[in-house]
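1. let me see the structure of the following:
(one chain, ligands or ions: 1)
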Amino acid sequence: MKTLTLNGKWLCKPDKDNKGIDFKWYLSQNFIRNDPELMEINIPSSFNTLKGYEVFEGIFWHFKKFDFDDEEYSKQDKKLRFNAANYNTKVWLNGVFLGEHDGGFTPFHFNLKKSLKDKDNFLVVRCDNIRKKSRLPAFSFDWFNYGGIYRDVDIISLTKNRIKNVIIKTNLVSRNKSIISISYEILGRLALEWEIRDVNNGNLYYRGEISESTGKSSFSLTTKNLKFWSPSNPKLYKLMIYSRTKNEKNLLFDSNFGIREIEILGNYIYLNKKLIRLKGASLHEELVPFGRTIPYEEREKDITAMKALGFNALRTAHYSHDEDLLDIADRLGILILEEIPVYWMCDYKSNDVFKVAAKMLRNLIKRDINHPSVIWWSVGNEIPIERPEVSKFMKRLMKWVRMHDNTRIVTYVSMKLFSDLTRRHADVACINYYFGWYVGSPRLISLMLDVMRTPAFNKPWIYTEFGAGAKVGTRKKWEDQTKYSEERQLHVLDYSIRTFNAKDYLAGWFIWIYRDFRSLTRQNEYQTGFNRKGIVSEKNEPKLINHRIPQILHKKRELVNTKVLGIILWILLYPIAYIITYLIIDVAFIFSEKKTIEDGKKIERRRRSKES
Ligand code: GCB
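-> A predicted model of the protein is given here:
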């Protein structure tokens, strides 16, 4: 496989009136070199990193000239590959429309047939990040809407006879035995040779040969004394598959993998047959000033810092992050919970929207299936699950995921205390609730958990979000209850974590969030455009709670037993809670959020013009 990167200098310009398609900006003869609107952009990066376009939501066109002058590869299949671009991407090469893609966080590609030339190729990419009802997410979401080509772009050249869809699955047989199953598909006809080696020292452990064949196939082997992968011992092996002829051996595929098994039994999660409680935080893919295009070393610093706090898991909110993060997680050892941006209010009645969600999941699973760090696929976050159409949407999506991967946890994340009966269909039941911040006090957590678990009694529960905002440097006594003080955040999180640790059926908890992140709707004097629930600021400055976490990671509170009371309360309160959420809360939510995004943009613009 040959790869030609298209990263680097591109030209771009906004299309505020959406006239580019009518004026055929994709034709090289219509490209005007001295167009005053043209700007240089370093791809990958979001157009929101350009001066003057920091809060722009609209259409941007990107232009790139390149050569692909290589005789050797002329007979091979070529694909133009985007690791991600947000949200709708339309692509032309040398005036020919290659196609379009919807969705902001998963890879996609276009087959290049006759349109690719040796010299002077003219590639044009139109991206728009406009909020729409038909998109995922739709209008309102609590993160920054970076638009454009913010992950790598390249052209890959593939031999006609090749191997694809290589899936490595592992099962444990005993303390030192495991089964590795490998499935794959051959395009054309090939004889294969495979090897399993140690990633660190290259030592060969197993090898085999497969005589010439075509189509889908699989094989498995029982291994002895290979080490298992876990956060505390992230042992990696490498699978290499070669094509084999009498005189030649060519590498077709290689991938790191780990031997590990994740299981659910009753209220507990097991990793490699040992009970594990997931403890960690969520993270948005964002770092000032890089936006989402975060350098590898910075991602590595994040994981190292999380591990130093004692965390064993990370939730990549609310969409898939760059694959670099997963390589780091595999290598350094942290479990990853992945999800797609089916978030808040979307058009759950639309079959087209369902198809986009299903495609996102399929592409995500395809990309990440061999990463040992990834243990879960979540198909949605804080959706209005009490509605029949939403419940149906979630159940269908979970079924779809299980068809593609039956070796990981499948779930969705809910914020409904009473009115969620769909949790019974998920492998683990999840709850987001901000006691001590948006509502009540963390003292309520224990009872409320006992209430809400009633309809999903036999599942492990995960507290997927809890938190409190704090602006670095805002210091007050926590008893003053001053919002955004580091002390108040410390109190809420400390109390919550000790409570969670004391609940036997709670299989894990995730702080919202590791780092403060941009959000247009967050504009009070402490927030200034950021969601401040991070345990570090947007500049990675640790807040008070950060120093406390290692001390309380496994500490438990003494709790009053409210298990029976919980069941009784659920039965009494369910009907009324259901009606209230169905009729009032969701509707209020939609209206309040839509308004604040536009207001937020105005405030951001004003602040930026004052600052400059
Ligand atoms: C939530 C959402 C998350 C928000 C967070 C908050 O429940 O899942 O996306 O950012 O609350 O800070 O309100």
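2. what's the mean pLDDT across stretch 554-565?
-> Stretch 554-565 comes out with an average pLDDT of 97.
3. repeat that for stretch 139-147.
-> The pLDDT scores in stretch 139-147 average 96.
4. pLDDT score for residue 589?
-> With respect to pLDDT, residue 589 has a value of 69.
5. all strands for the stretch 51-200 of the chain, in order.
-> 59-66, 77-82, 88-93, 96-102, 108-112, 121-128, 153-158, 162-172, 177-198 (DSSP state E, counting those that start in this stretch).
6. find the nearest non-adjacent residue to residue 290, please.
-> residue 298 (7.3 Å; Cβ to Cβ, 6 or more residues apart in numbering). Heads up, the C-betas are built off the backbone N, CA and C, glycines and all.
7. per-residue pLDDT, the one you found?
-> On the pLDDT scale, residue 298 gets 98.
8. any idea what residue 91 is bridged to?
-> Counting by DSSP bridges, residue 91 is bridged to residue 99, residue 125.
9. right, and it touches residue 125 too?
-> Yes: contact criterion Cβ atoms under 8 Å: residue 91 and residue 125 qualify, at 5.3 Å.
10. so where is this structure shaky, pLDDT-wise?
-> Along the chain, segments meeting pLDDT under 70 span 589-595.
11. which bits of this protein sit near the ligand?
-> Taking Cβ under 6 Å from any ligand atom as the contact definition, the chain meets the ligand at 142, 318, 381, 382, 415, 432, 465, 512, 531, 533.
12. got those as TSV, with neighbour count, secondary structure and distance to residue 278 columns?
-> Converted to TSV, the residues of the chain next to the ligand look like this (neighbours: other Cβ atoms under 10 Å; DSSP: H, G, I helix; E, B strand; the rest coil; distance: Cβ to Cβ, whole Å):
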residue	neighbour count	secondary structure	distance to residue 278
142	18	coil	23
318	24	coil	17
381	26	strand	17
382	21	coil	19
415	20	coil	19
432	19	strand	15
465	24	strand	13
512	21	coil	14
531	22	strand	22
533	27	coil	19
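13. helices of the stretch 351-500 of the chain, start to end?
-> 351-368, 388-404, 445-452, 486-501 (DSSP state H, counting those that start in this stretch).
14. make a markdown table out of those helices and add mean neighbour count.
-> Below are those laid out as a markdown table (neighbours: other Cβ atoms under 10 Å):
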| stretch | mean neighbour count |
| --- | --- |
| helix 351-368 | 18 |
| helix 388-404 | 17 |
| helix 445-452 | 22 |
| helix 486-501 | 23 |
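15. could you export those helices as CSV, including distance to residue 86?
-> Output for these, formatted as CSV (distance: least, Cβ to Cβ, whole Å):
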stretch, distance to residue 86
helix 351-368, 12
helix 388-404, 21
helix 445-452, 34
helix 486-501, 31
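16. and residue 239, what element?
-> strand 237-244 (DSSP states H and E).
17. how far does the next helix or strand after that strand sit from the chain's center?
-> Counting by DSSP H and E, the next helix or strand C-terminal to strand 237-244 is strand 249-257. Distance of strand 249-257 from the chain centroid (Cα atoms, centre = their mean, to the nearest Å) equals 26 Å.
18. pull out the buried positions in the helix or strand just after strand 249-257.
-> Using DSSP H and E, the helix or strand that follows strand 249-257 towards the C-terminus is strand 262-265. For strand 262-265, a neighbour-count test (16 or more other Cβ atoms under 10 Å) marks residue 262 as buried.
19. render the CA-only coordinates of strand 262-265 in CSV, please.
-> Provided in CSV are the C-alpha atoms of strand 262-265 (Å, rounded to 0.1, in the frame of the first residue of the first chain):
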residue,chain,number,x,y,z
ILE,A,262,-14.6,-8.1,28.8
GLU,A,263,-17.7,-9.8,30.3
ILE,A,264,-20.7,-8.8,32.3
LEU,A,265,-22.2,-11.0,35.0
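20. picking that back up, can I get the strands of the stretch 51-200 of the chain in CSV with mean neighbour count?
-> Converted to CSV, the strands of the stretch 51-200 of the chain look like this (neighbours: other Cβ under 10 Å):
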stretch, mean neighbour count
strand 59-66, 21
strand 77-82, 19
strand 88-93, 22
strand 96-102, 16
strand 108-112, 18
strand 121-128, 22
strand 153-158, 19
strand 162-172, 17
strand 177-198, 17
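21. roughly how far apart are the residue of the stretch 301-450 of the chain found nearest the ligand and residue 10?
-> The ligand sits closest to residue 432 of the stretch 301-450 of the chain, with a gap of 4.4 Å, by Cβ to the nearest ligand atom. Taking Cβ to Cβ, to the nearest Å as the measure, residue 432 falls 39 Å from residue 10.
22. could you pull up the residues touching the residue nearest to the residue of the stretch 301-450 of the chain closest to the ligand when sequence neighbours are not counted?
-> Distances taken as Cβ to Cβ, 6+ apart place residue 465 nearest to residue 432, at 3.6 Å, with adjacent residues excluded. Residues in contact with residue 465, defined by Cβ atoms under 8 Å, 6 or more residues apart in numbering, are 282, 413, 415, 432, 433, 434, 510, 512.
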